[in-house]
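Asks: Give me a 3D structure for the following:
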Amino acid sequence: LGDGRAITLCEVVNQQGYSWEMQLKGAGRTPYSRFADGRAVLRSSIREFLCSEAMHALGIPTTRALSLVETKVGVLRDQFYNGNAKLEPGAIVCRVAPSFLRLGTFELPASRGEHDLLRAIGDYAIRKHFPQILAVGQEKYAA
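Replies: Numbers count the residues shown, from 1 in each chain. Sure, this is the predicted structure:
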């Protein structure tokens with residue numbers, strides 16, 4: 001389960017027919033950021049940007065950082081978890097991936113007993129990413 005900092009903007013289909021989801025990470029509170037502020041600091045955003053590009057260069061499928069901007073909003077963080085929180089420069093990463101569907105996407109509604117939502121997410125995942133699954137009813141979730 002992620003930290004809830006990501007906000008999905010849209011899904012686009014490129015000229016080759018590939019689908020890409022776009023998200024902002026670190027732009028502020030979301031319905032899923034729980035007790036956190038939803039902000040990101042510049043140092044971790046730079047690390048995400050560099051690591052995603054390095055993984056891509058190595059041929060490892062990963063999200064890609066489309067842009068990285070520094071905000072004018074300071075973000076209070078305890079970098080070493082030693083009780084010495086200080087303001088750091090904030091940042092927002094716009095990232096893209098074929099899908100941001102993660103295990104956590106299923107964990108939250110499952111933990112809340114929201115079976116209808118869980119089924120809807122499962123149906124979406126099968127329809128979007130595994131259309132070769134032709135089973136029906138409960139059997140399609142076991143496939």
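Asks: how long is stretch 12-28 end to end?
Replies: End-to-end distance for stretch 12-28, by Cα to Cα, to the nearest Å: 23 Å.
Asks: what about the longest strand in the chain?
Replies: As assigned by DSSP state E, the longest strand anywhere in the chain is strand 64-77.
Asks: for the record, mean pLDDT for whatever helix or strand comes next after that strand?
Replies: Heading C-terminal from strand 64-77, the first helix or strand you meet, by DSSP states H and E, is strand 86-97. Strand 86-97 carries an average pLDDT of 97.
Asks: who touches strand 86-97?
Replies: 9, 20-27, 39-43, 45-46, 48-49, 52, 62-79 (Cβ atoms under 8 Å, 6 or more residues apart in numbering). In short, each C-beta sits where N, CA and C put it, glycine included.
Asks: Start from the N-terminal end of this structure and give the strands.
Replies: Under DSSP E, the chain gives strands at 6-13, 19-25, 40-41, 64-77, 86-97.
Asks: what comes up buried for the second one?
Replies: Within strand 19-25, the residues that count as buried by 16 or more other Cβ atoms under 10 Å are 21-25.
Asks: Cool, thanks, signing off.
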